[in-house]
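S.K.: how does the following fold in three dimensions:
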Amino acid sequence: MHSVKTFLSSLTSILTSSHGDSTPKAPDPHAMLLIQKSMLRLLGVRGAELHPDLEHRIRYAPSIEALWFLRSDLAQALCLQRDETSALQAVSDLTPLFEGNIAKTQLQAYQRGQRR
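M.R.: Modelled structure (predicted):
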């Protein structure tokens, strides 16, 4: 349920934000690759076997923003492999990789959701 709230909060912030100052810089291909590898490493071999569709969506995501929204799916998959607290923490630890690569409003909405 927490992932759904975070997703909805992020989606709302995207739809209601102005596109001025909150737009990230041009996409960084190195950052995209680093985020993909980090997410795939978290999913692991066993997770990829259990969730091949998620592994495929992470590997072939069209943008860093798409990877941002795949975090909730990754968290859900990890919750099936380990306890919820460590799964959510592992996904939360990815957040710094997204800084400067997605709109500030998305990060701020996520951070507000974390404080609740």
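S.K.: can you list the low-confidence ranges for this structure?
M.R.: By pLDDT under 70, the low-scoring segments of the chain are 1-27, 116.
S.K.: now the longest helix along the chain, how far from the centre of its chain.
M.R.: Scanning the chain for the helix with the most residues, using DSSP state H, yields helix 29-50. Here the centre of mass of C-alpha atoms in helix 29-50, compared against the chain's by C-alpha atoms, centre = their mean, to the nearest Å, lies 11 Å away.
S.K.: and the helix or strand that that helix is followed by, what's buried?
M.R.: Scanning forward in sequence from helix 29-50 by DSSP states H and E, the next helix or strand is helix 52-59. Going by neighbour count (16 or more other C-beta atoms under 10 Å), the buried part of helix 52-59 is Leu54, Glu55, Arg57, Ile58. The way it works is simple: take the backbone N, C-alpha and C, and place the C-beta from them, glycine included.
S.K.: now the two most distant members of these.
M.R.: Glu55 and Arg57 (7.5 Å; C-beta to C-beta).
S.K.: hang on, the earlier thing: I'd like the buried residues of helix 52-59 as TSV, with distance to Thr85 appended.
M.R.: Supplementary listing: these in TSV, determined by distance: C-beta to C-beta, whole Å:
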residue	distance to Thr85
Leu54	20
Glu55	23
Arg57	25
Ile58	22
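S.K.: of those, closest to Ile64?
M.R.: Comparing the buried residues of helix 52-59 against Ile64 with C-beta to C-beta picks out Ile58 as the nearest, at 11.8 Å.
S.K.: how near is the closest residue to the closest one other than its chain neighbours to Lys104?
M.R.: Spatial nearest neighbour of Ile58, chain neighbours left out: Met39 (4.9 Å); criterion: C-beta to C-beta, 6 or more residues apart in numbering. Using C-beta to C-beta, to the nearest Å, Met39 is found at 21 Å from Lys104.
S.K.: for Leu50, same thing?
M.R.: Counting by C-beta to C-beta, the gap between Leu50 and Lys104 amounts to 34 Å.
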